[in-house]
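# quick one, structure for this:
(2 chains)
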Amino acid sequence: MEEALLRAVLFGTPLLLASLGALVSERSGVVNLGVEGIMALSALAAFGVALGAGPYLGLLAGVGTGVLGGMVLGLFAVTLRANQFVAGLAVAALGLGASGLLGKRYEGLPLEWTLPEGGMALLALFLAFSLHHFLYRTRFGLYLRSVGENPKAADLFGVSVDGVRYGALALGGGLIGLAGAYLSLAYRPSWTDGMTAGLGWVAIALVILAAWEPLRAVLGAYLFGLLFFLQFRLQGSVPIPSEAFAAMPYLLVILVLALSGRARAPKALGAPFERGR
Amino acid sequence: MRRLLAFLLAALGLSLAQGEKLKACFIYVGPIGDAGWTYAHDLGRKKAEAALPWLETRYVESVPEAQALPVMDRLVREGCQVIFATSFGYGEAVLEAAKKYPEVIFAHATGLKRAPNVATYMADFYQVYYLNGLAAGALTKTGKVGYVAAFPIPEVKRHINAFTLGVRAVNPKAQVLVRWINAWYDPAKAREATEALLAQGADVFAFTEDTPTVIQTAARKGAYSFGHYTPMQKFAPDHVVSGQIVHWDVIYMDFLKKVKEGVYTAKNLENVDYFWLLQHKAVEVGGDYGVPINPKHVPLLRKAQMTVGDKKVSVYERTMALLKDMSSPRPTFDPFTGPIKDRKGVVRIPAGRKASLQELLTMEWAAPGVVGDWPGEPK
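Next up, the predicted model:
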């Protein structure tokens, strides 16, 4: 039992970090579908730097790459006012492709010094509470939420909508970068093309599951982690085919989504802001 | 005039290509990656190209099964004379392409269906898994050996069975706990499946999937493991005992040489099926090249005893003796020698004979000692 809870937290951690990253930008009104690609690139950057300079600089490199990834999305989705969904998908594809290409020479290398998973899990939890505090108890959090709800009003009150959105994307990118670094430095200390294996998409779904609330994202990520572990823990000991178990975490997410119908997205989510329109 | 010139140039190009180089092209189902299936095929391709001066190769990676036919169309247009399709799922596309291009030679890895211009090939690990099973049986203290497996298909089942027969030959009460992850490549699933097995008391691990995740995860808890497909000792030098290593280059070079010499043509491949084993040097035992057993673990395996016939021998000696026998041109030992019953008590291989190739290729039953879900298990 303790084992299952431990796995829930340790596998839930990269999901939690990535979904917090997607969440913070969505609260400012920008959908980030680039999570998978940003995570892959950050995982690569973290691994590449960690090989030569140790895991903590690697971690920094991962976060930095995530911030950069968020800014690239901002360039398209905020400054150029492109369709956010298309821009996000482009960043996802670009990140995955670029990481595969740039990462060729890092494939198959073992990493001597890794990051402690437990410490990273605590950090993620701390970040979730901090983000909650930031969104609801600080002035900048208020700006961020108001830009996501009603950018026109925020603009009238002198808040720079584009500035806030860039900030949210950078912060979110950093969190996604942390998730990538967790994967390549702690969870599975190595680099391979495609090692994110869809976790970025799960993180995006978790944002909706969490109704855009950081603390609910904690529960969602851990719940997914728990079910993901249980599919293997229970396989063979109950007369249910393994394929059904494999579908369980995803089915549950859909179920919870259907039941939590009252969850409300930020009003301006997905809409590019242009003054005077 | 321009068309004639183009034709002449093309003809010249073609004759030059034929006179000088044989162009062989490879279709990979995944990215080349760091350690898995596709990586091993690509290693084979590179070795063949380095060894055969008349060979020119090209590859396309990450080709989904539905895209295989268009990719083959393109490769034929680019002048590929031999096409290696390296995934079971390409089967139908290969047969279709072979009909469309009767002059091109195709070879389908792990395939079952052949044609005049389609050969099949496989480098199989079942003997190697048996040998690793012996060591696993000797090393487990809990009597529970973990096995993380990709898909419940005959190839993987054959390997789990061979491994389990080995485990049980040393430790008749040991169990092999199997977990299916239903993916060839998914580090998160491999990790959590290993964690689940660790939680259930497994202390030695083998696997059939494409990442070193099982090794890394097991090593964190001090559990032994066996590498798969490529040298994986480097991922946990103190905990990897041995493993399975493939040498596709051996098959690729043999096949391509025979094509070059005209032994194989696009008309006579109907019965060309490579099912290459230890004796052909297509597979190797070890966590690294030339290291059948990690020297760190040799003393333990020398101490461990097992009964063969009515004699006691050390597991190390037995492993090395069988390895020598199965690597010889005429092996006398085979892991699947009857009488073998499945875990339900049904006789699968009668006393006095070895499993036939057909029986190996269609193996669905589970050996005694295998514990866990087993999709497709015969009644």
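# could you pull out the helices for the stretch 151-300 of chain B?
Using DSSP state H, counting those that start in this stretch, the helices of the stretch 151-300 of chain B run over residues B:154-170, B:187-199, B:213-220, B:248-260, B:298-303.
# output those helices in a markdown table; the columns should cover distance to residue A:23.
Where C-beta positions appear, they are placed from N, C-alpha and C, glycine not excepted. Converted to a markdown table, these look like this (distance: least, CB to CB, whole Å):
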| stretch | distance to residue A:23 |
| --- | --- |
| helix B:154-170 | 40 |
| helix B:187-199 | 21 |
| helix B:213-220 | 28 |
| helix B:248-260 | 46 |
| helix B:298-303 | 51 |
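# residue 213: how many residues sit nearby?
Assuming you mean chain A. Other residues near residue A:213 come to 19 when the count uses other CB atoms under 10 Å in any protein chain shown.
# not quite, go with chain B.
29.
# can you pull the contacts of it?
Residue B:213 sits next to A:188, B:187, B:190, B:191, B:194 when contact means CB atoms under 8 Å, 6 or more residues apart in numbering or on different chains.
# just checking, the third one touches residue B:180?
So the one you mean is residue B:190. No - counting by CB atoms under 8 Å, residue B:190 stays clear of residue B:180, with 11.2 Å between them.
# residue A:70 versus residue B:83, what's the distance?
43 Å (CB to CB, to the nearest Å).
# what's the average pLDDT for stretch B:102-109?
For stretch B:102-109, the mean pLDDT works out to 96.
# contacting residues around it?
B:41, B:76, B:80-88, B:90-91, B:94, B:97-98, B:114-122, B:255, B:259, B:264-266, B:269.
# out of the residues you listed, list just those in helices.
B:41, B:76, B:91, B:94, B:97, B:98, B:255, B:259 (DSSP state H).
# rewinding a little: save the contacts of residue B:213 as CSV, and put in pLDDT and distance to residue A:177 too.
What follows is the contacts of residue B:213, written out as CSV (pLDDT from 0 to 100; distance: CB to CB, whole Å):
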residue, pLDDT, distance to residue A:177
A:188, 88, 17
B:187, 90, 18
B:190, 95, 24
B:191, 95, 21
B:194, 97, 27
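# reformat these as TSV; add neighbour count and distance to residue B:137.
Putting the contacts of residue B:213 into TSV (neighbours: other CB atoms under 10 Å in any protein chain shown; distance: CB to CB, whole Å) gives the following:
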residue	neighbour count	distance to residue B:137
A:188	23	28
B:187	26	28
B:190	28	23
B:191	25	25
B:194	28	19
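# so which of residue B:83 and residue A:70 has more stuff around it?
residue A:70 (31 against 27).
# can you tell me the element the more buried one falls in?
helix A:55-74 (DSSP states H and E).
# residues of that helix that come out buried?
By 16 or more other CB atoms under 10 Å in any protein chain shown, the buried positions in helix A:55-74 come out as A:55, A:58-70, A:72-74.
# does anything pack onto it? Which helices or strands?
helix A:2-27, helix A:35-53, helix A:84-102, helix A:161-182 (3 or more CB pairs under 8 Å, 6 or more residues apart in numbering or on different chains; DSSP states H and E).
# ok, and does the third one reach over to chain B?
Yes - using CB under 8 Å from any CB of the partner chain, helix A:84-102 reaches chain B at residue A:100.
# other SSEs contacting that helix?
Secondary elements touching helix A:84-102 (3+ CB pairs under 8 Å, 6+ apart): helix A:35-53, helix A:55-74.
# could those be laid out in TSV, adding mean pLDDT?
As requested, the helices and strands packed on helix A:84-102 are exported to TSV (pLDDT from 0 to 100):
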stretch	mean pLDDT
helix A:35-53	96
helix A:55-74	97
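# in a markdown table: those, plus distance to residue B:299.
Output for these, formatted as a markdown table (distance: least, CB to CB, whole Å):
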| stretch | distance to residue B:299 |
| --- | --- |
| helix A:35-53 | 33 |
| helix A:55-74 | 34 |
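# out of the ones you listed, flag the one nearest residue B:334.
helix A:35-53 (43.1 Å; CB to CB).
# for the stretch 151-277 of chain A, which residues are neighbours of chain B?
A:187-195, A:197, A:199, A:228-229, A:231-233, A:235-236, A:241-243, A:246.
# for residue B:168, give me its contacts.
Contacts of residue B:168 (CB under 8 Å, 6+ apart): B:133, B:137, B:174, B:367, B:368, B:369.
# can you do 10 Å?
B:133, B:134, B:137, B:145, B:174, B:175, B:176, B:367, B:368, B:369, B:370 (CB atoms under 10 Å, 6 or more residues apart in numbering or on different chains).
# restricted to helices, list the residues of the stretch 151-277 of chain A next to chain B.
Per DSSP H, these map to helices at A:199, A:228, A:229, A:231, A:232, A:233, A:242, A:243, A:246.
# check contacts around the second one.
Contact analysis of residue A:228 by CB under 10 Å, 6+ apart lists A:7-8, A:11-12, A:15, A:202, A:245-246, A:248-250, B:188-189, B:191-193.
# pick the one among the residues you listed closest to residue A:208.
Looking across those and measuring by CB to CB, the closest to residue A:208 is residue A:202, at 11.2 Å.
# what's the helix or strand for the closest one?
helix A:199-209.
# need the residue in chain A that's farthest from the chain's center.
residue A:239 (34.9 Å; CA atoms, centre = their mean).
# I'd like to know how far that one sits from residue B:374.
Distance from residue A:239 to residue B:374, by CB to CB: 12 Å.
# state the pLDDT value of residue B:37.
86.
# picking that back up, average pLDDT for the helix holding residue A:202?
For helix A:199-209, the per-residue pLDDT averages 92.
# can you list the buried residues in it?
A:199, A:200, A:202, A:203, A:204, A:205, A:206, A:207, A:208, A:209.
# show me which of those residues is closest to chain B.
residue A:199 (6.6 Å; CB to the nearest CB).
# list the contacts of the closest one.
Residue A:199 touches A:11, A:14-15, A:18-19, A:35-36, A:39-40, A:179-180, A:183, A:187, A:224, B:187-188, counting by CB under 10 Å, 6+ apart.
# go on, residue B:183?
A:197, A:246, B:150, B:151, B:189, B:190, B:209, B:210, B:211.
# pLDDT below threshold where in the stretch 1-150 of chain B?
Filtered on pLDDT under 70, the stretch 1-150 of chain B yields the residue ranges B:1-19, B:34-35.
# near chain A, which residues of it show up?
B:30, B:31, B:32, B:33, B:34, B:35, B:36, B:39, B:61, B:62, B:148, B:149 (CB under 10 Å from any CB of the partner chain).
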